[in-house]
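Predicted model, plus sequence, below.
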Protein chains: 2
Amino acid sequence: MDATAPQSPAGLRTTPSWLLNQAATHAGRLISAGFAAHDLRGYHYRLLAALAESGPASQADLGRRCAIDRSDVVAAVNDLTGRGLVVRAPDPADRRRNVISLTEAGADEAHRMADTVARVQDDLLAPLSSAERDQLTRLLTRLLEHHSGH
Amino acid sequence: MDATAPQSPAGLRTTPSWLLNQAATHAGRLISAGFAAHDLRGYHYRLLAALAESGPASQADLGRRCAIDRSDVVAAVNDLTGRGLVVRAPDPADRRRNVISLTEAGADEAHRMADTVARVQDDLLAPLSSAERDQLTRLLTRLLEHHSGH
DNA sequence: CAGAAACGTTGGCTTCACCAACGTTGGTGG
DNA sequence: CCACCAACGTTGGTGAAGCCAACGTTTCTG
């Protein structure tokens, strides 16, 4: 989809939802290219990042914090346990829950992936000045707060 | 993914690629909700919009302009011809090509979908002033130009 | 005129986002 | 106390979207 990039229809090109979609798609390509080196995907990173930041949590909690469906958390946690990055243990205080915790390898991987993500941001935002990056971040944050804080 | 929206990890919440992803995801939800009334999806709209704007075109051309893979254009055009919104005819000037043209019904549908899209933009950008909307549009446009003009 | 390139098409793959349903466990109101 | 409802993990499935490889046909080029 790259090489020859003729004019998209103006009707699309100037539409914010289209711009968001395309920018996110492009960011996604950069991100997954970065993650490929770790042999992990987006869901895995979100979970590792959440655990690295806030410590052990139940799967439902992780799902809420990472905007991942409960059922998808199951599969991703399975992957992560399979790689020894995470441990799943029943919560003694509430037997409905599993407590997910980072292993040391998992904490390491979380760090490495965070580095990768940081590098990608620089790549992604290359054309923008630091003030503009802040602008963009603020605008997007307000958009999201409005549409989810409700 | 909605109701309770506790704090996402700050490590994600402040990351531009995450913000883009989330904002685009949300925009996508609004857009597909709007398109559902037309019983069409994103690819269909892109193609109709391109045809409405620039007239008949080959499938490869449409794919390039709409950022849709050639193989996906085939399927989407199949759908659209099935609904009588579009006509596929061999190009007499180049027998490798098909020329895709809007029917009248297709032109009408393109208009209606454009209206839907416009309404969604208002919804999406509700929290932003008109100056801020321009800001956002400009920033995203520059991002895309940088990353595709190359 | 031979080889490279473009086109349409088939068939397949992966990621992400969702949904419905089930059995289990925990909390609550009558 | 117990019936009921909510939350949790899990299974299995759906669909949109973005890709890629390969093939036969047609066109362009060296």
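Sure thing, it's come through.

Run through chain A and note the low-pLDDT ranges.
Along chain A, the parts satisfying pLDDT under 70 run over A:1-7, A:149-150.

again, only this time at 90
For chain A, the stretches flagged by pLDDT under 90 are A:1-13, A:147-150.

Determine which residue lies closest to the centroid of it.
With distances taken as Cα atoms, centre = their mean, the residue of chain A nearest its centroid is A:Arg46 (4.5 Å).

tell me which element it is part of?
Here A:Arg46 sits within helix A:42-54, counting by DSSP states H and E.

so does that helix get close to DNA strand D?
No - Helix A:42-54 lies out of reach of DNA strand D by Cβ under 7 Å from any atom of the strand, never closer than 12.3 Å. In this view, the C-beta of every residue, glycine as well, is placed from N, C-alpha and C.

List of residues touching that helix?
With Cβ atoms under 8 Å, 6 or more residues apart in numbering or on different chains as the test, helix A:42-54 has contacts from A:28, A:31-32, A:35, A:57, A:62, A:65-68, A:72-73, A:76-77, A:79-80, A:85-86, A:100-102, A:106-107, A:109-111, A:113-114, A:117, B:8-12.

For chain A, what lies in contact range of DNA strand C?
Residues of chain A lying near DNA strand C (Cβ under 7 Å from any atom of the strand): A:28, A:32, A:41-43, A:67-72, A:94-96.

Run through the strands of chain A in chain order.
In chain A, the segments counted as strands under DSSP state E are A:57-58, A:86-90, A:98-102.

in stretch A:134-150, what counts as buried?
A:Gln135, A:Leu136, A:Thr137, A:Leu139, A:Leu140, A:Leu143, A:Leu144, A:His147 (16 or more other Cβ atoms under 10 Å in any protein chain shown).

State the distance from the third one to A:Asp122.
Taking Cβ to Cβ, to the nearest Å as the measure, A:Thr137 falls 14 Å from A:Asp122.

I am finished for the moment; much appreciated.
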